[in-house]
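Q: Everything below, folded, please.
(chains A and B)
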Amino acid sequence: MLNETYDVLIIGSGHAGGMAARILTEYGIRCIMLNAGPVADVAHDAERKPAFELPYRGFRPPGRLEHVFQSNEFNANVWVDEQEVPYTFEPNQPYNWVRVRLFGGRSLFWSRQSFRLSDYEFKAKSHDGFGEDWPISYADLAPYYSRVEGIFRVSGALDGPPQMPNGNFILDDAPWTSAMQRLIDVARPRGIPVCKQRSAQGRDGLASSVNLLLPDAEMTGKLTSIANAVVREITVDKNTGLPNGCNFVDRLSHREMTVKARVVVLAAGTLESTRLLLNSNLANSSGLVGRYLMDQIYGAGIVCSVPEARNGRSKGVMGSYAIIPRFRNIDTKSDKFLRGYAFNTTAGTGPLGARNFAAYGAELQRKMDEYYGSGFYMTIVGEVIGRYENHVRIDKTRNDAWGIPVLHVDTRYGDNEFNMARDAVDTASELAQAAGFEILSRNDKPNPPGYSIHEVGTCRMGNDPKKSVLNKFSQSHDHKNLFVVDGAQFTSAGWQNPTMTILSLSMRASEYLAGEMLRQNI
Amino acid sequence: MRRRDFVRGVLAVGAAPKLLLGQQAANPAPPPPAPVPWLLGLNSKTPIPAVEAGDQVAIAELRFFSPQQIATLTRLSDVLMPPMGEKPGAVQAQTPMFLDFLIGSSPEERKQVYSEGLDWLDGEAKKKFNLEFCKLTDTQAAELLQPWLRTWMSDHPPTESHADFINIAHDDIRTATVNSKAWFVVPEVGAEPRTSEELYWSPIEPDISEFNADCNNVPPHVQAAPKSGHPMPTYPR
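A: Below you'll find the model as predicted:
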């Protein structure tokens, strides 16, 4: 209906926006959802092809997506194009901003690892004195985690130490394979826990906003969605000073349009939500919008081979996945870095890549035949600590394809991150050697910031309006009808993949919002 | 319907009126509205033409490397990935000419790794054996290459000079060869690497505003028959 004022405007359709839509519409609240990209229909937009049918034989199309290491020629068209929506950074501190604007956003492509934060994260400052505590504790969020895990059907075992709380899991009681058991045996005396991986099973192999959250919202009849709506700015009511909708531009026709709503919920993904707030000059009385950008260190780790599994004997030896939750700075204290890291640990059954052997030609093929199915991988997921100077701001000199000012990302890893990566590789090597694995290659250099696609922070939550952007319900300290429900609200990053926490925070904020709206406080 | 197909259809209509008028003069009966009946034959049962990967049958033009550099790269490809068993080698898979295309389209930094690397390798061969690299035997080439081979993890190739070129080129040569049609058509034995076969995503509704300005002035066209795989419309005859 034209000129209709909706109850809630939700910007973004990924995990955060999808959850907000699902919860709010269940309460009978009428929502309008805007998404910057089109609806992806795999039956229409994608088809299975061999690499030689593509012009670049599967290589990433040269010059495109330089900062999306995850891209190749098959998937090049699903990522946001760096020319269409550019961002800037100093040449000596590159940032990998990995974005998807299809309906459902990055929830279509995430790795589905599903962890809870613990009070080692929520109350990190109380534990080690650095940064700020979150305004909530684990107990506040635990019930929401349980509900989210139910919706996403998370598999795992109840084997977590206090720094990795157990949840509402589909129980994984498969026995460990012998290679992983050997790692467990050498890790335990060193005080390093090895636990079953925790992974969202979803439905039909997909654990996304588009199949787990949006259908329920649509079923209520209370959700209206617009695709290809690139939001330019949030609009403000002249009389009250409160946000009252947004101006957007149609991605395809460049036609300008407006929607009105009583409440605005930002769920565009950490940096896009922040970019919108900065471009709209909103919610920034603290001056902290854009500050404390964090993510997680990826890229460092080791590749090993398990000798017993070579020459086709991998059955029973290989084929397990483990998570080694953070173990540094829990009971002990490292003098090299704060916080800690986890290891994604895989005893693989497939081929080992050629780059793990310093050989070529026939000799290389002999090695690859022999080592097939014996690959053992340990790679870091390390917490990046929140620093004021790691920030984003608007670059007034550049616009994207729709004339919207772009983001300048000014962030770098420091000693804490580099020391952590070195410690991780040394520790992994020590464990592997003790377990009798052959180390084939190792790397202690983190990938550029952003690579993990776990960017969080820039609108941190807190109790003090001078030291945070949002309150404990993800609500702006400045405008009571403005919420940010995605990763931007994180006060600290943790080592855990952030998706379960984003979903739980969005669920909690949305229920609070629904309650306030029903009581007519908003 | 794909938006760009629609645009193409809309643009094509510009040429149509003259044709239609010509027909009218010869035949007083009004012409049938588009789509003309033969388009109805385009349906899911219509056979799709079989096509070949272009660079497996046609001759590509050298556009980036110098003749000397491509000679060095060809020999290097043959040494690093010779034909083994039934599988073709890099040269049989037209990898050197493919890399000329790929590297030639790439950013300056990548171009530099290759052109400087190839020149350096040729220089080393001349220094050590007084021969161009392309004339070296396998043993001579091995003597030059072995010291620079490294193991490395994804996204972190060696950064040390010369080792960077050798290892990056090795990786590219392997990927290009394994992903060629020549490799694909020979069945794998044992742990031989497989050609990547993945879900390819077409551009999804690309921004057409550039074209819009013009086609907005063209009157809307009768919708063309949808592509195969979609339900067929019925037309009164």
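Q: contacts, neighbours, all on C-alpha from now
A: Will do.
Q: I'd like to know how many residues surround the residue lying closest to A:Y372 once chain neighbours are set aside.
A: In this structure, A:Y372 finds its nearest non-sequential neighbour in A:P351, 4.8 Å apart by C-alpha to C-alpha, 6 or more residues apart in numbering or on different chains. Other residues near A:P351 come to 17 when the count uses other C-alpha atoms under 10 Å in any protein chain shown.
Q: hang on, A:P351 packs against A:M368?
A: Yes. Counting by C-alpha atoms under 8 Å, A:P351 touches A:M368, with 7.2 Å between them.
Q: anything in contact with each of those two?
A: B:A191 (C-alpha atoms under 8 Å, 6 or more residues apart in numbering or on different chains).
Q: pretty sure B:C134 belongs to a strand, no?
A: No. Secondary structure of B:C134, determined by DSSP: H, G, I helix; E, B strand; the rest coil: helix, with no strand assignment.
Q: Can you check the pLDDT for it?
A: According to the per-residue confidence, B:C134 scores 97 in pLDDT.
Q: who's in contact with it?
A: B:C134 is in contact with B:A71, B:T72, B:T74, B:R75, B:L76, B:D122, counting by C-alpha under 8 Å, 6+ apart.
Q: hmm, try it at 10 Å
A: By C-alpha atoms under 10 Å, 6 or more residues apart in numbering or on different chains, the residues touching B:C134 are B:68-76, B:78, B:121-122, B:125, B:141.
Q: And stretch A:207-222, what's buried?
A: Residues of stretch A:207-222 classed as buried by neighbour count (16 or more other C-alpha atoms under 10 Å in any protein chain shown): A:A207, A:S208, A:S209, A:V210, A:N211, A:L212, A:L213, A:L214, A:D216, A:A217, A:E218, A:K222.
Q: Please see if the strand or helix carrying A:A342 touches chain B.
A: When elements are assigned from DSSP states H and E, A:A342 belongs to strand A:341-347. No. Strand A:341-347 lies apart from chain B when judged by C-alpha under 10 Å from any C-alpha of the partner chain; the minimum separation is 15.0 Å.
Q: and the stretch 401-522 of chain A, which residues reach chain B?
A: If contacts are counted using C-alpha under 10 Å from any C-alpha, the residues of the stretch 401-522 of chain A sitting beside chain B are A:A401, A:L440, A:S441, A:R442, A:N443, A:D444, A:K445, A:P446, A:N447.
Q: If we use 7 Å, what do you get?
A: The interface of the stretch 401-522 of chain A toward chain B, taken as C-alpha under 7 Å from any C-alpha of the partner chain, is made up of A:L440, A:S441, A:R442, A:N443.
Q: Check chain A too.
A: Of all the residues in chain A, those in contact range of chain B (C-alpha under 7 Å from any C-alpha) are A:38, A:45-53, A:56-57, A:62-63, A:74-75, A:77-78, A:251-254, A:355-361, A:368-369, A:372, A:440-443.
Q: Now do A:G436 against A:D369, distance only.
A: The spacing between A:G436 and A:D369, counted by C-alpha to C-alpha, to the nearest Å, is 21 Å.
Q: Those residues of chain B touching chain A, which are they?
A: Applying C-alpha under 7 Å from any C-alpha, one finds that chain B approaches chain A through B:53, B:79-82, B:102, B:105-107, B:149-153, B:176, B:179-181, B:191, B:195-205, B:207-209.
Q: Show the buried residues in these.
A: Buried members of the residues of chain B next to chain A, counted by 16+ other C-alpha under 10 Å: B:79-82, B:102, B:105, B:149-153, B:176, B:179-181, B:191, B:195-196, B:198, B:200-202, B:204-205, B:207.
Q: Helices - which of those residues land there?
A: Using DSSP state H, the members of these that fall within helices are B:V79, B:L80, B:L102, B:A176, B:K181.
Q: If anything else comes up later, I'll come back, but that's it for now.
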